[in-house]
Structure formats: structure tokens, C-alpha cells
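Enquirer: Got a predicted model here, sequence first, then my questions.
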Amino acid sequence: MFINQILDGLKHLHKPQLNFLRVLFTTIFVCQSRINFSSLARNCHLNEKTFRRNFRKEFDFIRLNEAIIAQSKCQIEAFAMDASFIKKSGGETFGLDKFWNGCAGRAEKGLETSIISLVDVKENASFALTIDQTEPNLANKDEAPGKKTRTDFYAEQLEKNAATILKYTKVGVFDGFYAKQKFVETTVNAGFTMISRLRRDANLKYLYFGAQKPKGRRRKFDGKVDFNDLSRFRESTIKIDNKQLHLSAATVWSPSLARKIRLVIVKFKTKSVNLFATDLEMAAENIFKLYRSRFSIEFLIRDAKQSGGLSDCQARDNQALEFHWNAALTSVNFGREMANPNQGESERKPFSMKSIKQQFFNEHLLKLFISKSGLEQSLIKYQETLEDLRNYAVICS
């Protein structure tokens, strides 16, 4: 089985923890209910206390995720970073604070996770690399003097994992929240090119390239960017999903970011989006293609919440919470690779985490019937109908 193959390849892993991880990931795929300590214990031979104890132990999930990515042979062109709100009640859980809940459209009390994934742009797929819990009681605004902000926390997480990410790519894609001077500077200083999004009414200035006066301060800018007049932009057209998109690109100055940026205005009918990259030489089409791949991390988070148990943890301490969240995201990595084992590009099927879990559950239940009924396994396992039983009720097979 693929899970055992990957885990067996990890060096310096103690046998008790290796055996626990084998059971954990197999049980996550078998479990059809909420994935917490109680349900995990009901679906395997381990006790609930065993899960609670092992979730408090340290484990290098980055190394495990790298092993899965290496096995998948995907082509990483960028990395993505995003935060996700986790509902959590109680007063003793570490990290409880007011965080933005995108589903509710307001800030709510709960937990927040900050996720970094590696993006296969060609397959439009994200592979989780690591997840950290956002610290509580951080300032909401960068202007809070002398107090650590959430932007500082996200920047520290990026710096901490920069060496690992740089082994795969130098391009990072982020949503508009991360388009802040402090975070952009940290990203560029760490050796990355940042691609993100600006407000539709962003304050931008054209650069001045004309003759300078013999005396006095040199002129830097040549007027404010008027989004209704793009005559000074370089125009191009790109076709995506039978839609004709118009791209307008120019190198401009951003006062809010205090740097030159490569601005790309994407227009489709009456809608427009302002994208930017810190690499001034990057082509407009490439900026749009890479930013478009950012949405794959949203699908990763969705699959982890719906099928990996990202929102189901019963633990209250930080170590156990992060172990649970990393296990949930890693299970999606496992599922994505198991969906298309050893298949070429023309044979790859749409990925469905729910289908992978349904297949695992069907196979587990079938083995249980065989063992409990004392049936001859060879008479059943080599029947042509076995694959039909394994694929019962799957969404795509």
C-alpha cells in the first residue's frame, strides 16, 4: 500500500511511531464520520488514549509531505500561503481568539491555521507542506506600535520554511490580504518573487523616464495611474476556458508597498482585477497563470475539512492541534497520489477525496466480512466483481 511505502522510506523514525502513523492514516481513510479521537478509536484496534498520547508527540510532517511530493513526480512552479478559520468552542483551548471567518463574512471566536502548500500549476493541484496555528492576541493592524501583528506571524512562518520552499520554487502566490509592505519586504528578502492582488482603486504612479533638470531633485514619477485610461499599458490577450481575457501590463510605483511592481490589469467584460509581481521582468501571461493557480490551495483546505477532519480535533493544547491539522492535510496529499498511481498525463482522472475514502471503506468492509465469515479469500479477491464492490458509491472511478 502507498501509505506504508512512503512511511517505510522515512529514516530515523522509531518503530512505535511508525506503526501508529500507519494505523492513523489508514483509519482516516476508512472513517466515514467526524475524524476525532473517539471516531478514530472506533474504526481501528487502538485505544482513544493512544491517539491522544501520540498526538502530543513531535513529528516532522514536512519530511513526510516532501516524500509524497517526490513520489508524485509533480512539477512545482509556485507555492501558496493562506489562512483558514477553524470553529472551536470551550475556554481552555490554546489559541482561541477573534479571527476572520470567510464563510460567515465576519470575525468570530475560534482558531486559525496558516497553511503553506506547493502548487503544481499544470495540474492545478496543491500539495500541503506545513501548517501552523496562528498565535492569539496579536494586533490586527500593522500600525500597532511595539506589538506583534498577524502579518508579523505570517512573515515569520514564511521565513522559517524558506529554505525548504526554495528547493522547489522561488515564486509565491498570495491573496490580497498579504499585499502589505512588511510582508512583501520579508518575502523578497527571503529570495522569493511575490505575486498577489491589489485593490481596484489602488494608489499607483507611473515612473518617469524623461529628461531631468540640471539642478534640483530628480523627478521620479509621471502622474497617477488612471484605471479608466490604460493607453500607457502594454496590451495582450489570453484565452482561458473559452473566455477571452485582456491583460494590460506596466511597471509602476506602489506608495503603499514602497517599491516598483509589475502591474497586470485583467479584464473580462465589465470586471477587472489588479494583479502584481515583484519581479519586474515577469510576463503578464505568466503572472496571471501563476496567480490563477493560487485557488488550488482553497480546494486543498476544502478537502481537508470535508474528508480529512481538519475541523474535528478534540484536543486543546497547541502540539496536539497542529499534529491533527498536519495529519488532515497530509491525508489529502496521500489521497491525491493514490488517485492516479503510475498513470500518464492522458490517463489521469479528476481527483475526489471522497471517492478515495469510499474505496478504502468498501475494501476495509469487504476484508472484514471475509475474515469474520471465514471465507476463502482467493475465491473473492480474484473475482472480476471485486473492483465493482470496491468502487461502490464512489463519485468518480
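Expert: Right, received. Where do you want to start?

Enquirer: Quick check, Leu21 in contact with Leu7.
Expert: Yes - using Cβ atoms under 8 Å, Leu21 is in contact with Leu7, at 5.6 Å. C-beta coordinates here come from the backbone N, C-alpha and C atoms, glycine included.

Enquirer: which element is Phe209 on?
Expert: Using DSSP states H and E, Phe209 sits within no helix or strand.

Enquirer: ok now do it, which residues does it touch?
Expert: Asp222 (Cβ atoms under 8 Å, 6 or more residues apart in numbering).

Enquirer: Which pLDDT value goes with it?
Expert: Looking at Phe209, its pLDDT is 91.

Enquirer: rewinding a little: so Leu21 and Leu7 - more neighbours on which side?
Expert: Between Leu21 and Leu7, counted using other Cβ atoms under 10 Å, the more crowded position is Leu21 (21 against 18).

Enquirer: ok, Ala202 to Ile265 distance?
Expert: Separation of Ala202 from Ile265 (Cβ to Cβ, to the nearest Å): 10 Å.

Enquirer: do you know how far the residue nearest to Ala190 when sequence neighbours are not counted is from Ile287?
Expert: In this structure, Ala190 finds its nearest non-sequential neighbour in Ala162, 4.3 Å apart by Cβ to Cβ, 6 or more residues apart in numbering. As defined by Cβ to Cβ, Ala162 lies at a distance of 21 Å from Ile287.

Enquirer: who has more neighbours, those two?
Expert: Under the criterion of other Cβ under 10 Å, the comparison of Ala162 against Ile287 puts Ile287 first, with 24 against 16.

Enquirer: residue contacts, that one?
Expert: Ile195, Ala249, Arg262, Val264, Leu275, Phe276, Ala277.

Enquirer: which strand in this structure runs the most residues?
Expert: Counting residues, the longest strand found in the chain (DSSP state E) is strand 106-120.

Enquirer: still on that earlier bit, of the contacts of Ile287, which is the nearest to Glu123?
Expert: Ile195 (18.6 Å; Cβ to Cβ).

Enquirer: measure stretch 255-274 end to end?
Expert: When the termini of stretch 255-274 are compared using Cα to Cα, to the nearest Å, they are 15 Å apart.

Enquirer: what is the rounded mean pLDDT of that stretch?
Expert: 94.

Enquirer: got the buried residues for that stretch?
Expert: Of the residues in stretch 255-274, Leu257, Ile261, Arg262, Leu263, Val264, Ile265, Val266, Val273, Asn274 count as buried by neighbour count, 16 or more other Cβ atoms under 10 Å.
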